[in-house]
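# What shape does this take:
(chains A and B)
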Amino acid sequence: MTTEASPRGVGFDRDRITHLLADYGVYAAIVVLVAVNTALAPHFLSVDNLRVQLFQAVPVLLVALGMALVIGTEGIDLSVGAVIALASALIPLYLGYGPWPAIGMAVLGGIASGLVGGSLVAFARVQPIVATLALMIGLRGFAVILNGATAKPVNDPTILALGLQSWLGLPAMAWLAAVAVAFVAFLVRRTTFGRQLTAIGDNRPASALAGLPVRRVLLTVYLISGVLAAFAGVLIVGHGGYADPANYGLDYELAAITAVVVGGTPLSGGKVRVLGTAAGALFMQLIEATLIQHNVKSSYEQMVEAVIIVAAVYAARGRAAR
Amino acid sequence: MTPPIDTARAQDNPAGPSAIAVETPRERLLARVQQQGSTAVLVIVVALACLFSPGFADAGNFQSILVGNAYTSLLALGMTFVIISGGIDLSVGSVFALGGVLAAWGVNHGGTVVAVLLPLVCCGALGTVQGLLITRARLAPFIVTLAGLLFARGFLQAMSNEGSTTYLVPPDSALLALGRGVWLPILTAVVLFAGGAVLLLRTRFGQALFAIGGNEQAAVLMGLPVARTKTLVYTLSGLLAGGAGLLNAARLQSGVTNIGVGYELTAIAAVIIGGTLLTGGAGSVAGTASGVLLLAVILNLIGVHLSEYGSSASDLVNGAFLAVVVLLQTVLTHRRRLP
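Residues are numbered from 1 along each chain as shown, chains lettered A, B, ... in the order given. Sure thing, here's the model as predicted:
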């Protein structure tokens, strides 16, 4: 993981500790959680249980990867949940042409949404939170109109396989997620695009003055986020066997933002932690699983989540940004 | 890697030539469109609807539009203050639901006074805590209020046995008088909006809000009580949301638990459509009122003409509408800026 020397606070012990916590806290927290769970219930480390956890965590993880890139540019993408709904509405609509065209159309839906959101942010300079809020409200309405209010069954074996099958003991979707993590990590760390992305997140006017292709990078970032959310939608349809745009993807934007923030990516942009984000998604899933296993009611689980979010941001706080 | 040009951020605030106080007539016109556009669109939409939509121009229909939005409009009122201060409050939908549950719980566990005070105190306190986290711990408003959204929702679920218990307001309770009839809810909203406008335009607090939203560092340097004002804004938003929930529970005679999901988005949309800038520093209570009414009228029209699609069609229209409005706003406010 690239740990960057923080521009502020070097020399203050307290600051250094909070920075360490922000950077590596999520890994430590996962280790602690797994240890506690294994001590309390030995079957926790069983392959079956891990598989169940992965099935739950992977869609959020995919969405969170795109969200991490967007947040790295000091933006936010609230439309991801609606893109999941749109993807799930498009699949049964085009399933008549075969599974791959249907998946292709779902991804096209994600691309279209990313293009609209990205253009609003990059060219019209609309604030990301409103641009994607408009998409979030509008796209879900559109998806429900496309599909009708009732869920449609999806019986195509290829799509179901993506959501249910296991390869080499791990869910197929976990392998896909691993590929996505590797791809995004490569993008951020080893490509010019990644450098440009963090530079823009750090200081957009300066990046523009330095001649970086600000608009193109921003547009691409929202595109990637849309595509990843659409993929998550395909996997959710495959796992559930239904296309239900009225209910799929609700609150995914919150879960994804939480995963990104818990993973140590600051909301103020300029830094993307890809592995941290993946760990953040797994951590939130583990917390939920732990609390459910010990019969903690979902209401308390929600309150615990709220406290974790605030604690994570407090540890990772940088400049106060929206 | 973080390039070591962090100081350049200080120049982020537009102090360039475009911010000079001299206004050309064209700029004045654009500013007017931005401030009063929503009222103009509202008048046009209502006029068209009266002409072409049978049954719209009916006193009963107007009444139902106004009453149906009287309480939720209070969320937008609180949001106006928050957004003018440069923040955002995502928790209002959950706090609205929490206020209702607390009121209905209170009336069963202590009487009318408890039912009125409990939601106001709890929701105001929740708002204050969020405000303190934002101002003292310097956390981003977006994420703090997101956590507030989860916390308030979890809290009300815990109070109501995971939503399975709905506390009812006894039919002989004095609390019911708060939400009875047609005119009382409308009057409540009108009075609170008028009070909000006075607070924003005629008090030190309101003027400090504009200064803080416009340029927080400058407001600090001017010696304004920035932290206190910003904290109060979130307290106010929590109070309004909790109070709206209380009134709503009095009207519905119960503390409905699954209400309020996504109301924060509608409130933000109404505020922005009303001409308040999401960047802070500019906005008006009157604009928010016309934003709320505009969304309500559109929802009403869709209910009549596109009822087969239900609320999805209104979501689609609202989303598109919001996009157009922010696009216009951005075009009107930041011309000539770097990409």
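# Nearest the middle, which residue of chain A would you pick?
A:Ala64 (1.2 Å; Cα atoms, centre = their mean).
# you'd agree that residue is up against A:Ala259?
Yes. Using Cβ atoms under 8 Å, A:Ala64 is in contact with A:Ala259, at 3.9 Å. Where C-beta positions appear, they are placed from N, C-alpha and C, glycine not excepted.
# Need the residues touching each of the two.
A:Thr277, A:Gly280, A:Ala281 (Cβ atoms under 8 Å, 6 or more residues apart in numbering or on different chains).
# And for the second one, the neighbour number?
Translated: A:Gly280. By other Cβ atoms under 10 Å in any protein chain shown, the residues close to A:Gly280 number 30.
# Spatially nearest residue to it (excluding sequence neighbours)?
A:Gly263 (3.2 Å; Cβ to Cβ, 6 or more residues apart in numbering or on different chains).
# Give me the distance between the one you found and A:Val274.
8 Å (Cβ to Cβ, to the nearest Å).
# Find residues that contact each of the two.
Shared contacts of A:Gly263 and A:Val274, defined by Cβ under 8 Å, 6+ apart, comprise A:Ala68.
# near chain A, which residues of the stretch 101-250 of chain B?
Taking Cβ under 8 Å from any Cβ of the partner chain, the part of the stretch 101-250 of chain B that reaches chain A is made up of B:133-134, B:137-144, B:146-151, B:153-158, B:162.
# go with 6 Å
Taking Cβ under 6 Å from any Cβ of the partner chain as the contact definition, the stretch 101-250 of chain B meets chain A at B:138-140, B:142-143, B:147, B:150-151, B:153-154, B:157-158, B:162.
# Can you name the two of the residues you listed that sit furthest apart?
B:Arg138 and B:Glu162 (34.9 Å; Cβ to Cβ).
# which other helices and strands contact the strand or helix carrying B:Gly100?
Per DSSP states H and E, B:Gly100 falls inside helix B:92-108. Contacts defined by 3 or more Cβ pairs under 6 Å, 6 or more residues apart in numbering or on different chains; DSSP states H and E place helix B:92-108 against helix B:112-135, helix B:141-159, helix B:226-252, helix B:263-273.
# And the residue nearest to B:Ala249 when sequence neighbours are not counted, how far from chain A?
Leaving out its chain neighbours, the residue that sits closest to B:Ala249 by Cβ to Cβ, 6+ apart is B:Gly100, at 3.7 Å. Look at B:Gly100 and chain A: by Cβ to the nearest Cβ, to the nearest Å, they are 16 Å apart.
# What is the neighbour count of residue 267?
All of this is about chain A. Applying other Cβ under 10 Å, we find 23 residues neighbouring A:Leu267.
# try chain B instead
Neighbour tally, B:Ala267, other Cβ under 10 Å: 32.
# list the contacts for it?
Counting by Cβ atoms under 6 Å, 6 or more residues apart in numbering or on different chains, B:Ala267 touches B:Leu75, B:Ala76, B:Met79, B:Val92.
# which of the residues you listed tops the neighbour count?
Busiest of the contacts of B:Ala267 [other Cβ under 10 Å] is B:Val92, holding 36 neighbours.
# residues contacting that residue?
Counted by Cβ under 6 Å, 6+ apart, B:Val92 has contacts B:Leu75, B:Ala241, B:Glu264, B:Ala267.
# want to throw these into TSV with distance to A:Ile91 and pLDDT?
Listed next are the contacts of B:Val92 as TSV, based on distance: Cβ to Cβ, whole Å; pLDDT from 0 to 100:
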residue	distance to A:Ile91	pLDDT
B:Leu75	36	96
B:Ala241	38	97
B:Glu264	30	88
B:Ala267	33	93
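# nearest spatial neighbour of the closest residue to chain A within chain B, skipping sequence neighbours?
Nearest residue of chain B to chain A: B:Gly319, at 2.0 Å (Cβ to the nearest Cβ). Leaving aside its sequence neighbours, B:Gly319 sits nearest to A:Gly138 (Cβ to Cβ, 6+ apart; 2.0 Å).
# what sits up against whichever strand or helix holds that neighbour?
Using DSSP H and E, A:Gly138 sits in helix A:128-147. Residues outside helix A:128-147 that contact it (Cβ under 6 Å, 6+ apart): A:75-79, A:82, A:85-86, A:89, A:113, A:117, A:120-121, A:245-246, B:278, B:309, B:312, B:315-316, B:318-320, B:322-323, B:326.
# And stretch B:29-49, by the same measure?
B:Phe56, B:Ile273, B:Gly274, B:Gly275, B:Gly287, B:Ser290, B:Gly291, B:Leu293, B:Leu294, B:Val297, B:Leu301, B:Leu332.
# What distance do you get for A:Ile224 to chain B?
19 Å.
# got the buried residues for the strand or helix carrying that residue?
Assigned by DSSP H and E, A:Ile224 belongs to helix A:214-240. Using 16 or more other Cβ atoms under 10 Å in any protein chain shown as the test for burial, helix A:214-240 gives A:214-215, A:217-240.
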